[in-house]
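*Asks:* fold the following.
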Amino acid sequence: MRLMQAFVVCSALAGPAAAQTGPDDLSLRQADALQLQIIRDGNATAQQDFMHPNYMVNAPSNRILRKEQLVGMLANGQMASESFERTIEATSITGNVGIVMGRESVIPAANSQLGKQFGYRSLDRRFTNVFLWEEREWRFLARQATVLPATK
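*Replies:* Prediction:
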């Protein structure tokens, strides 16, 4: 069962389209927005519920992490940020797999993993989020996020 907070955020984002019978672009974008909100809020419990059991990420720290590792990092503030903005540039749905790609701008919190690795500055990243449609909802399956070299 989903957390009430995740339900409230998803309902607010979904509006009348919440009762989906199949995957579509709107519901995929809503799932991506929910994932972003969960990270901004640092809500490890909602992230745990939203992620597929087989979730993995090619993280901006240049490590591959599994679900348990990522949820633990979120719970411990290691993924905290001062600012986190995302621009979707493309989406695609094939069967029950949804892909969202684009760019992000993040200012990591000083004590976060990225803050310690890159310092307190704005990081530009490229991302790919992969979602799986199961039981009439999107589940967060995989992610890739790469920090781009700083430009002068």
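
*Asks:* now the residue nearest the centre of the chain: closest residue in space that isn't a chain neighbour?
*Replies:* For the chain, the residue nearest the mean C-alpha position is Gln35 (4.0 Å; Cα atoms, centre = their mean). Spatial nearest neighbour of Gln35, excluding adjacent residues (Cβ to Cβ, 6 or more residues apart in numbering): Phe140 at 5.5 Å. To be clear about C-beta, it is placed using only N, CA and C from the backbone, and glycine gets the same treatment.

*Asks:* pull the CA atoms of the longest helix seen in the chain into PDB?
*Replies:* Secondary structure assigned by DSSP state H gives helix 25-41 as the longest helix of the chain. The C-alpha trace of helix 25-41 is given here as PDB (Å, rounded to 0.1, in the frame of the first residue of the first chain):
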ATOM      1  CA  ASP A  25       2.400   9.900 -21.800                       C
ATOM      2  CA  LEU A  26       0.500  12.000 -19.200                       C
ATOM      3  CA  SER A  27       0.700   9.300 -16.500                       C
ATOM      4  CA  LEU A  28       4.300   8.700 -17.300                       C
ATOM      5  CA  ARG A  29       5.100  12.400 -16.800                       C
ATOM      6  CA  GLN A  30       3.100  12.300 -13.600                       C
ATOM      7  CA  ALA A  31       5.100   9.300 -12.300                       C
ATOM      8  CA  ASP A  32       8.400  11.200 -13.100                       C
ATOM      9  CA  ALA A  33       7.100  14.300 -11.300                       C
ATOM     10  CA  LEU A  34       6.200  12.100  -8.300                       C
ATOM     11  CA  GLN A  35       9.700  10.600  -8.300                       C
ATOM     12  CA  LEU A  36      11.300  14.100  -8.300                       C
ATOM     13  CA  GLN A  37       9.000  15.300  -5.500                       C
ATOM     14  CA  ILE A  38       9.900  12.200  -3.400                       C
ATOM     15  CA  ILE A  39      13.600  13.100  -3.800                       C
ATOM     16  CA  ARG A  40      13.100  16.800  -3.000                       C
ATOM     17  CA  ASP A  41      11.200  15.800   0.100                       C
END
